[in-house]
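>>> Please find the sequence and the predicted model below.
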Number of protein chains: 2
Amino acid sequence: MRIRLEVEYDGTRYSGWQRQKNGRSIQQMLEKSVGRVTGTESAVHGSGRTDAGVHALAQVAHFDTESELAPERFASALNYYLPDDIRVIRSEAAPPDFHSRFDALGKTYVYTYRNHPQRSALHRGLSAPLQGDIDLEAMRRGAEYLLGEHDFASFCANAEGKDTVREIRQIGIERREPYIQIVITGSGFLHHMVRIIVGTLAMVGRGEILPEEIGRILEAKDRREAGPTAPAAGLLLKKVYYPEPVFA
Amino acid sequence: MRIRLEVEYDGTRYSGWQRQKNGRSIQQMLEKSVGRVTGTESAVHGSGRTDAGVHALAQVAHFDTESELAPERFASALNYYLPDDIRVIRSEAAPPDFHSRFDALGKTYVYTYRNHPQRSALHRGLSAPLQGDIDLEAMRRGAEYLLGEHDFASFCANAEGKDTVREIRQIGIERREPYIQIVITGSGFLHHMVRIIVGTLAMVGRGEILPEEIGRILEAKDRREAGPTAPAAGLLLKKVYYPEPVFA
């Protein structure tokens, strides 16, 4: 039986999604918990990696099990063994050929900047600081250059020899005092792509570069032309999209 | 010089606002930090107490100091010595007769129920669970009985011999998936008043009592007639209201 999971996590204390020799990963914690619940080791596959310190509201993952536990009961059973900064929000039976990574049509990420001189006590580690007067209209004009299908080599860490063409479908930039949120939906994302885009748009927001520069940076296909990689703490994987089941 | 503070805190690890012999209180942490920054002990007065485990987005407090530090610099200076679950969001000079408690005109509290079988990984400790189908319309009808000036003895812990008349100005109840939020604004609140109101409205939402029962409970002036005290974790002091300065 293949089980599909939706997993929420606060990435602050973890080395990222992916299993590692040294370091605590979200995937390892889930696999350990599956082992405790089912009595058997199973690989837990996610829709994609998230980096160290990056959060998820609904990462999608799957695993196979012979367990006779009702699929929807896995959420509570796994949570019993998981630390409180990783929660399985939903578990359900998936078709035997469902694959959380290969079937994913796209993803939405939310980046949260805190536009306030002091950090938050209530939402610790869930945003990155961005001080000063930020021009959201300029950021929105800059973001328009990124919409559609492009070679995002300038917005990718370690791009050498990889296919760096991706499609961005939507970028929304809103102020929710004292936060500024950047919501990006695309077909898929390269390593550090969202954080480099956000770090570059932040430069536009602060007036350090013009919105039109984004077009030039994109064309350069050179990581050195783009802005800094925004801090991991601000990034949240919000949603992974899948096609509707054919015979639902 | 009198300094006015706005303080955000996650109450999870604290015994409440008020200074205590045993237990870590928010007030103590602030007074300790003021002592470190100014070199002198000063009492920090808050707009009111919050109970153990209750949070604040903008608790207002004040203290007097001879320090020559610029008033708006106190926020960063105090935060340097505070734990990361208590943050001074703003500091400013206040008129010498400003008093955070006596001058307060009213307060807004937000209560957050999580209407989902699993807890949240990202916002740990900032809500209380409420399972099942919740009838928000019934809760809203029940809440109407509480609007205006009433004797809230039924919604007060340890009411004996106290003036239990208060005025509630507004109650809003909204669903923000997977949360249900109850926002209550009033002139002032008795001990546990918001949490007993919320616990009683939750019974209405679950269909355990009718909305009209709220009127009867209010008239009874007897704590035993109302519902349970909702858990502290769901409660947040959102705003304290003060009159505009006369010569601003």
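Nice, I can see it. Numbering: from 1, shown residues only, chains lettered A, B, ... in the order given.
>>> Centroid-wise, who is the farthest residue in chain A?
Relative to the mean C-alpha coordinate of chain A, counting by Cα atoms, centre = their mean, the farthest residue is A:Glu68 (31.9 Å).
>>> The strand ranked longest in chain A close to chain B?
As assigned by DSSP state E, the longest strand anywhere in chain A is strand A:165-176. No. Using Cβ under 8 Å from any Cβ of the partner chain, strand A:165-176 never reaches chain B; the gap is at least 12.8 Å. All C-beta spots, glycine's among them, are computed from the backbone N, C-alpha and C.
>>> Give me the sheet partners of that strand and which way each runs.
strand A:148-151 (antiparallel), strand A:179-186 (antiparallel) (DSSP bridges).
>>> Flag every residue of chain A that's near chain B.
Within chain A, the residues that sit near chain B (Cβ under 8 Å from any Cβ) are A:8-10, A:55, A:57, A:75-76, A:79, A:84-90, A:116-124, A:126, A:236.
>>> what's the helix or strand for A:Val194?
helix A:193-205 (DSSP states H and E).
>>> just the angle between that helix and strand A:179-186, please?
Per axes from the mean of the first three to the mean of the last three Cα atoms, to 10 degrees, the angle that helix A:193-205 makes with strand A:179-186 is 130 degrees.
>>> which of the strands paired with strand A:165-176 is buried the deepest?
For these, average neighbour numbers computed from mean count of other Cβ atoms under 10 Å in any protein chain shown are highest in strand A:179-186, which has a mean of 21.
>>> can you tell me which residues contact A:Ser100?
For A:Ser100, the contact set (Cβ atoms under 8 Å, 6 or more residues apart in numbering or on different chains) comprises A:4, A:45-47, A:60-62, A:240.
>>> again, 7 Å this time
Contact analysis of A:Ser100 by Cβ atoms under 7 Å, 6 or more residues apart in numbering or on different chains lists A:45-47, A:60-62.
>>> between the residues you listed, which is closest to A:Ile134?
A:Ser47 (31.1 Å; Cβ to Cβ).
>>> so who does that closest one touch?
By Cβ under 7 Å, 6+ apart, the contact list for A:Ser47 reads A:59-60, A:100-101, A:104, A:240.
>>> Only the buried subset of these, as a ChimeraX command please.
Paste this into ChimeraX to select the buried members of those, with burial taken from 16 or more other Cβ atoms under 10 Å in any protein chain shown:
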select /A:59,60,100,104,240
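>>> Just send the contacts of A:Ser47 back as CSV, with secondary structure and pLDDT too.
Compiled in CSV, those are given as follows (DSSP: H, G, I helix; E, B strand; the rest coil; pLDDT from 0 to 100):
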residue, secondary structure, pLDDT
A:Gln59, strand, 98
A:Val60, strand, 98
A:Ser100, coil, 97
A:Arg101, coil, 97
A:Ala104, coil, 96
A:Val240, strand, 97
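>>> Nearest to chain B among the contacts of A:Ser47?
A:Gln59 (10.4 Å; Cβ to the nearest Cβ).
>>> partners of the closest one in the sheet?
Beta-bridge partners for A:Gln59, by DSSP bridges, are A:Val7.
>>> just checking, it touches A:Arg4?
No. Here A:Gln59 lies out of contact with A:Arg4, judged by Cβ atoms under 7 Å, at a distance of 11.4 Å.
>>> ok, back up a step: I'd like the contacts of A:Ser100 as JSON lines, with secondary structure and distance to A:Gly132 appended.
Formatted as JSON lines, the contacts of A:Ser100 follow (DSSP: H, G, I helix; E, B strand; the rest coil; distance: Cβ to Cβ, whole Å):
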{"residue": "A:His45", "secondary structure": "strand", "distance to A:Gly132": "42"}
{"residue": "A:Gly46", "secondary structure": "strand", "distance to A:Gly132": "36"}
{"residue": "A:Ser47", "secondary structure": "coil", "distance to A:Gly132": "35"}
{"residue": "A:Val60", "secondary structure": "strand", "distance to A:Gly132": "37"}
{"residue": "A:Ala61", "secondary structure": "strand", "distance to A:Gly132": "39"}
{"residue": "A:His62", "secondary structure": "strand", "distance to A:Gly132": "44"}
